[in-house]
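Novice: Could you work out the structure for the sequence below:
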Amino acid sequence: MTRPALADDHARIAAVAAQLRDDRLAGDPAAVESGRLTAAQAQDRARIITAIAAQWADFATARPLAPQSDRWHATGGCEGATEREMRDTLAGILEIAASKRPELLDAVEALHWWQQPADRSHWPVSRLTRAHGDADADRFWAAEREAA
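Specialist: Below you'll find the model as predicted:
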């Protein structure tokens, strides 16, 4: 995967992550009401997109990155998200942005790129986590195994 054009526009990426969170939190209740989503699905979607937005709010403002998979692990999956959940969610959002939200496509591509594994080693720590220097292989690998 080629580095996206907006990969270094952290403020724009953070703003789009927040917009995606706000859109999902506003739209999912209607999807539950209409039966397109269950309440549990909506709750998981909210947890994951909130984790994505939170890590980007930290990264864009140079605050210490609080790995969301640590938060997921510490709360028994009630908060935060695993690297895999965030990666899968952004892959789905990328598909939607390509067809329905072209104005967000460049930033969503960058979000998706940053969430990909930093290398091809056996532990899937994202580029974002690795770039921030908070990678702890055992911690992330344990959270990923639990989520599988």
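Novice: mind listing what's buried in the longest helix anywhere in the chain?
Specialist: Ranked by residue count under DSSP state H, the longest helix found in the chain is helix 10-34. Neighbour counts over helix 10-34 (16 or more other C-beta atoms under 10 Å) mark 10, 13, 14, 15, 16, 17, 18, 20, 21, 24, 28, 32 as buried. Every residue, glycine included, has its C-beta placed from N, CA and C.
Novice: And those, which is the shakiest by pLDDT?
Specialist: Within those, the minimum per-residue pLDDT falls on residue 10 (91).
Novice: Wait, it touches residue 57, no?
Specialist: No. Applying C-beta atoms under 8 Å, one finds residue 10 not in contact with residue 57, separated by 10.2 Å.
Novice: hmm, back to that, buried set for the very next helix or strand once past the longest helix of the chain?
Specialist: Next along the chain after helix 10-34, taking DSSP states H and E as the criterion, comes helix 39-60. Neighbour-count burial for helix 39-60, with 16+ other C-beta under 10 Å as criterion, is recorded at 42, 44-45, 47-56, 58-60.
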